[in-house]
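Chemist: Only the shape, not the letters, is given here:
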Ligand SMILES: Nc1ncnc2c1ncn2[C@@H]1O[C@H](COP(=O)(O)OP(=O)(O)OP(=O)(O)O)[C@@H](O)[C@H]1O
Ligand SMILES: [Mg+2]
């Protein structure tokens, strides 16, 4: 078996008495789109933060591309090829859209001119080109989500982690978001995405991993996962699971 | 040529034109009192430009830049009076010392979130003031009288005319502006603005937030010390009161805040309005009026920040006010 692109091994995260991740082991193969789902407070964003290097896990190790990155700071992981978006959008509000993306492009481009060219390409790819000279704070919410994706893509990642980037969009916007994720994968980028809306995420992903109360519940093909009794009970409560 | 390149070129041309005009002004303005105000205006424009790199672009508000200003002044004055070292070397030395101190100050504070940095800057500047106030070798409270050795550029002393100082201040101002202009379209400039707007997002995009802040602090402190060295030569007498008080820290920050924090033209615009006003009120109120002028600036800043949060430069902005939802 080839080594996966990303692997977490027995990862724990405690916040005081609260256990946000307990013994989570997941792996993501190169080229996959993997969905990370689970009810509110399941620990999905926490796992993202551990993978991205916002904080080191209380216990366990994180491997990327065969390298142990557990103690590596976030900026260095980005250098290695991990990029992410934030559940709560974190644009550079006072900067223009193009400048936002240039910040991401600088990690692979020494010269400003190259970074700018790269940023324009990415905006084109993400359908944000007409907004290039707008201030980020003037974008509508769906555009801000797109900008987060664009900024992350500008770092030319191997792994792109999307934290609910389709949540809160109109169905039409969500659909074009899905199209964008597909397009991203076609360029060879591996995608790990957190999403609540099953109808959106399930047709999109190759594999789904379900977290509940900080633990990995099940993983597998989307169709199997949604029928799994434990998943149904986690989402809808135990009563529903009994009948399933 | 895209709009971005055009704008940068326009800024450069405008700066060159303004510098040319400023260079001609002394041909018409012979009054020494007015010339004095013009020198100070240019100096504060440059100092505020330096402050703006750290406070405006990188978002790390310092209210202790008087420390770097004082270090520049004292290094120059001490080296010259004690060892006969030419002020130009003192200027450079003061810049390097200040940059190092800024790094030492940033090292423990830049990792912390919140307002630790701004508090630390105030405290450290106050400590610096007290140290110089009690340091006998540096003249303690009496300060240092820089002996007159005849007018020359080598010794950077001019007793007969203010004009050489005026032209130096003009060059200093242009250099500070140009450095900012250049940094604006460099990766440092982008890192700084990203760090200011959202450090978490910046870090996730590969920006080493800590290093970015350190870089801004060093450049800012270095330039500020150059201003201090210049000021020592200009007034030829320094003491802790005249170069290291909190008032100086404010006077470096205020033009940028007034004109437009984190903008290329803000510090210049702010200084041109604020510094003449300061000097005039000072001469009206008299030497005893210390503090009254500060209250005045405070009032001005409050009014500005309520009416024009982006600073006065916002009045000239070609970008329409950011409102509403574009469609
Ligand atoms: N920095 C933190 N300090 C303390 N507790 C935290 C912190 N971050 C997350 N938590 C807690 O950890 C648990 C998991 O949070 P997390 O944000 O990972 O959930 P999530 O699965 O992303 O939920 P959602 O679907 O609502 O985004 C929650 O109970 C949350 O309150
Ligand atoms: Mg979350």
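Modeler: Noted; the coordinates are in hand. Keep in mind that this is a model prediction, so the values were computed, not measured. Residues are numbered from 1 along each chain as shown, chains lettered A, B, ... in the order given. Ligands and ions are numbered 1, 2, ... in the order given.
Chemist: Just list the residues touching residue B:169, thanks.
Modeler: With contacts defined as C-beta atoms under 8 Å, 6 or more residues apart in numbering or on different chains, residue B:169 is in contact with B:39, B:42-43, B:46, B:230. No exception for glycine: its C-beta is placed from N, CA and C like everyone else's.
Chemist: please redo it, this time with the cut-off set to 7 Å
Modeler: B:39, B:42-43, B:230 (C-beta atoms under 7 Å, 6 or more residues apart in numbering or on different chains).
Chemist: hang on, it in a helix?
Modeler: Yes. Under DSSP: H, G, I helix; E, B strand; the rest coil, residue B:169 falls within a helix.
Chemist: Find the helix or strand that the closest residue to it other than its chain neighbours is a member of.
Modeler: In space, and not counting its chain neighbours, residue B:169 is closest to residue B:42: 3.8 Å by C-beta to C-beta, 6 or more residues apart in numbering or on different chains. When elements are assigned from DSSP states H and E, residue B:42 belongs to helix B:32-52.
Chemist: buried residues in the helix or strand just after that helix?
Modeler: Next helix or strand after helix B:32-52 toward the C-terminus (DSSP H and E): helix B:66-83. By 16 or more other C-beta atoms under 10 Å in any protein chain shown, the buried positions in helix B:66-83 come out as B:66-81.
Chemist: and what of stretch B:122-132?
Modeler: Per 16+ other C-beta under 10 Å, stretch B:122-132 contains these buried residues: B:122, B:124-126, B:128-129, B:132.
Chemist: what mean pLDDT does that stretch have?
Modeler: The average pLDDT for stretch B:122-132 rounds to 89.
Chemist: what separates that stretch from the chain centre, distance-wise?
Modeler: 18 Å (C-alpha atoms, centre = their mean, to the nearest Å).
Chemist: Closest one to residue A:157 out of the buried residues of stretch B:122-132, please.
Modeler: residue B:124 (40.4 Å; C-beta to C-beta).
Chemist: Once you drop chain neighbours, what's closest to residue B:87?
Modeler: In space, residue B:87 is closest to residue B:156, 4.3 Å off (C-beta to C-beta, 6+ apart).
Chemist: Look up how far residue A:94 lies from that neighbour.
Modeler: The gap separating residue B:156 from residue A:94 is 40 Å, by C-beta to C-beta, to the nearest Å.
Chemist: These two: which has the busier surroundings?
Modeler: In this view residue B:156 and residue A:94 are compared by other C-beta atoms under 10 Å in any protein chain shown, and residue B:156 has more residues nearby, 23 against 17.
Chemist: Am I right that residue B:149 is in a strand?
Modeler: No. With three-state DSSP as the criterion, residue B:149 is assigned coil and is not in a strand.
Chemist: got the contact list for it?
Modeler: Residue B:149 sits in contact with B:155, B:157, where contact means C-beta under 7 Å, 6+ apart.
Chemist: mind giving me the domain ranges of chain A?
Modeler: Using automatic domain parsing, the domains assigned to chain A come out as A:1-81+A:158-244, A:93-156.
Chemist: Which of the ones you listed sits closest to ligand 1?
Modeler: For ligand 1, the closest of the domains of chain A is domain A:1-81+A:158-244, at 3.2 Å, according to C-beta to the nearest ligand atom.
Chemist: rewinding a little: the residue nearest to residue B:87 and chain A, how far apart?
Modeler: Residue B:156 sits 36 Å away from chain A, going by C-beta to the nearest C-beta, to the nearest Å.
Chemist: that older thread, got a list of contacts for the helix holding residue B:42?
Modeler: B:25-26, B:29, B:62, B:65, B:162, B:165-166, B:169-170, B:172-173, B:176-177, B:180, B:220, B:223-224, B:227, B:230-231, B:234, B:251-253, B:255-256, B:261-262, B:266-268, B:270-272, B:275-276, B:279.
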